[in-house]
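Engineer: Return atomic coordinates for the entry below.
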Amino acid sequence: PDVKTGLVLVKESSRGNKRLVAYALSESESPSEPSAIKTYLQKKLPAFMLPSSFLWLEKFPLTPNGKLDETALPDVENLRLEKQTAPRTETEKSIVDIFCELLEVEEVGIDENFFELGGHSLLATQLIARIATSFEVELTIVDLFEAESVESLSQLVTQRQHRETLAALTEKPAAPADEE
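Structural biologist: Numbers count the residues shown, from 1 in each chain. Have a look, this model is predicted:
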């Protein structure tokens, strides 16, 4: 990747959840997509060391003493909100609400990745349990890794609901026992 200089900080939410946020300067005028950087880093680092958010900067903000001014770094959350796709269905809306509560964010677009927003294994188990309770479907952690966005989870939930409804409708009632 064309990273000239990089910086990763631990950002903490009001509830104490921590996540890694990466800021970088590019060597080229058209920097790589954050997903390309993440793919590269996945080959080099263990999962717990991967930043959940990535942001390109033109320059790092400095204090008058020439040190990094962390307080002047852009808020990744505000930049993310600019390009969100709103929920279109009641299922997507419900899953967005669950994402927001667990990840402690104001809003989530339907195409955003749970893990890229700061989700981790403990939150993933909570997410699966909340979805299972809300929609009365069975999901596994593997399902979450295969359907990481609100949109794909919504499709999976709808598919499982239809499958379970169909199974219930086609289930044959037990034959009455013969009386002798």
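Engineer: Mind giving me the packing neighbours of the helix or strand encompassing residue 7?
Structural biologist: In this structure, residue 7 is located in strand 3-12 according to DSSP states H and E. The contact analysis (3 or more C-beta pairs under 8 Å, 6 or more residues apart in numbering; DSSP states H and E) places strand 3-12 against strand 18-26. Where C-beta positions appear, they are placed from N, C-alpha and C, glycine not excepted.
Engineer: List the buried residues of the strand it packs on.
Structural biologist: Within strand 18-26, the residues that count as buried by 16 or more other C-beta atoms under 10 Å are 19-26.
Engineer: who's in contact with the most centrally placed residue in the chain?
Structural biologist: Centroid-nearest residue in the chain, with C-alpha atoms, centre = their mean: residue 114, separated by 1.3 Å. Shown in contact with residue 114 (C-beta atoms under 8 Å, 6 or more residues apart in numbering): 99, 103, 123-124, 127, 144, 148-149.
Engineer: Next, give me the two most distant ones among those residues.
Structural biologist: 123 and 149 (15.0 Å; C-beta to C-beta).
Engineer: tell me the mean pLDDT for the lengthiest helix in the chain?
Structural biologist: Once the chain is assigned using DSSP state H, the helix that runs over the most residues is helix 150-170. When the per-residue pLDDT values of helix 150-170 are averaged, the result is 89.
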